[in-house]
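**Student:** structure of the sequence below:
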Amino acid sequence: MTRRLQIMPADEAALRVECDEIEGDLEAVRDLARDMGRLMRAGGGIGIAAPQVGATERLIVVSYACAGVKDAVDSWEAMLNPQIVWASEEEEIQAEGCLSLPGRFGLVRRPKFVVVEYKSLKWASCTQECHGLFARCVQHEMDHLDAEMISDHWLEEIFPR
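**Tutor:** From the prediction side, this is the model:
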């Protein structure tokens, strides 16, 4: 039985709960990741975190389209129990939005490059160097796993023209 996921709005209490490490049923996690990937694409997003759909697993899904991979519209990476193990001192300020805050954007300062370790959907240990929009997206989605919202990091809210 497939559950119908929906994006939680920013005021939803589930977005303010720290997520639990994934240890158990990988089949259920794979199903959740697949459904999150579909919902992310349907919403026009480039990343999504489990709390945004009301789940408490340390799981993010990030589109390879934001990594500059050609023809990556339907290609994404699920990261289980992700951890940033290195972040550059070099930072940049960019506008960010969030599927849980539709139509709202803010300027956010983040490290320009990060290295993330995580488990794949096959439970393989992975290390990925992330830069550009992909690094920003990974950091943004990982904030959700720690009960943080993008608006917690805004230097200022900006309004699209």
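**Student:** can you list contacts of stretch 43-52?
**Tutor:** 7-8, 14-15, 17, 19, 32, 36-37, 39-40, 56-63, 65-66, 99-100, 133, 137-138, 140-142, 144-145, 147 (Cβ atoms under 8 Å, 6 or more residues apart in numbering). Glycine gets a C-beta too; all of them are placed from N, C-alpha and C.
**Student:** pLDDT averaged over it, what's the number?
**Tutor:** What stretch 43-52 shows for mean pLDDT is 95.
**Student:** may I have that stretch as PDB, with CA atoms only?
**Tutor:** Output of stretch 43-52 as PDB, limited to C-alpha atoms (Å, rounded to 0.1, in the frame of the first residue of the first chain):
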ATOM      1  CA  GLY A  43       6.900  20.400  -6.800                       C
ATOM      2  CA  GLY A  44       9.700  21.700  -9.000                       C
ATOM      3  CA  GLY A  45      12.300  21.200  -6.300                       C
ATOM      4  CA  ILE A  46      15.900  20.100  -6.400                       C
ATOM      5  CA  GLY A  47      16.000  18.600  -2.900                       C
ATOM      6  CA  ILE A  48      13.700  17.300  -0.200                       C
ATOM      7  CA  ALA A  49      14.200  16.000   3.300                       C
ATOM      8  CA  ALA A  50      12.100  13.400   5.200                       C
ATOM      9  CA  PRO A  51      10.700  15.900   7.700                       C
ATOM     10  CA  GLN A  52       9.100  17.800   4.800                       C
END
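**Student:** circling back to that earlier point, turn the buried ones among the contacts of stretch 43-52 into a named ChimeraX selection, would you?
**Tutor:** To isolate the buried members of the contacts of stretch 43-52 in ChimeraX, using 16 or more other Cβ atoms under 10 Å:
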select :7,8,15,19,32,36,37,39,40,57,58,59,60,61,62,63,65,66,99,100,133,137,138,140,141,142,144,145
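**Student:** poorly predicted segments of the chain, please.
**Tutor:** Filtered on pLDDT under 70, the chain yields the residue ranges 1-3, 67-74, 160-161.
**Student:** go again with 90.
**Tutor:** Per-residue confidence of the chain (counting by pLDDT under 90) places the weak regions at 1-5, 24-25, 64-75, 159-161.
**Student:** and the strands in it, which stretches?
**Tutor:** Along the chain, counting by DSSP state E, strands occupy 47-49, 59-63, 76-87, 91-98, 101-111, 113-119, 125-131, 154-158.
**Student:** wait, residue 21 touches residue 82, no?
**Tutor:** No - Residue 21 is beyond contact range of residue 82, at 10.7 Å (criterion: Cβ atoms under 8 Å).
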